[in-house]
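Asks: Quick check, what structure comes out for this input:
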Amino acid sequence: QVQLVESGGGSVQAGGSLRLSCVYHEYTGRRDYIAWFRQSPGKEREGVAAIYRSGITYYTTSVKGRFTISQDNAKKTVFLQMNSLKPEDTAMYYCAADSTRMFDWNYYNYWGRGTQVTVSS
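Replies: Here you go, the predicted structure:
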């Protein structure tokens, strides 16, 4: 049974950093993308960063230059390094896997439960 388990969220001040981890148990990587999404109350779920099976990475505009997605295949873990955090980055962050569409959350078959990130000004 595929399970995605996120960790690493927390509360930081603006300008700080956090590193999120997502361990994907029993996932064999049949499809193209693994990604991080985020959602805050009253807002739509937003694709933040994605990594293609070749290792190519993609970012939404608002996080380019601040966030880095990476993958350790041996440990079946995807990371999201978040630097220069801003209050607007505050959200629940979700790891998602198994999709042919990069930032279309409807196409992802597996989801973690999320980890909360709170950035104070």
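Asks: For the residue nearest the centre of the chain, give the beta-bridge partners.
Replies: Against the mean C-alpha coordinate of the chain, by CA atoms, centre = their mean, the closest residue is Trp36 at 2.1 Å. When bridges are called by DSSP bridges, Trp36 pairs up with Ala49, Cys95.
Asks: What distance do you get for it to Thr60?
Replies: According to CB to CB, to the nearest Å, Trp36 stands 10 Å off from Thr60. In short, each C-beta sits where N, CA and C put it, glycine included.
Asks: Name the residues contacting each of these two.
Replies: Common contacts of Trp36 and Thr60 (CB atoms under 8 Å, 6 or more residues apart in numbering): Gly47, Val48, Ala49.
Asks: Could you check how far the last one is from Arg101?
Replies: Yep, that's Ala49 we're talking about. Here the distance between Ala49 and Arg101 works out to 15 Å (CB to CB).
Asks: quick one: which of these two has more around it?
Replies: Neighbour count, other CB atoms under 10 Å: between Ala49 and Arg101, Ala49 has more, with 27 against 15.
Asks: Tell me who's in contact with that one.
Replies: Ala35, Trp36, Thr57, Tyr58, Tyr59, Thr60, Val63, Phe67, Thr68, Ile69, Leu80.
Asks: Please check these and keep the buried ones.
Replies: Buried subset of the contacts of Ala49 (neighbour count, 16 or more other CB atoms under 10 Å): Ala35, Trp36, Tyr58, Tyr59, Thr60, Val63, Phe67, Ile69, Leu80.
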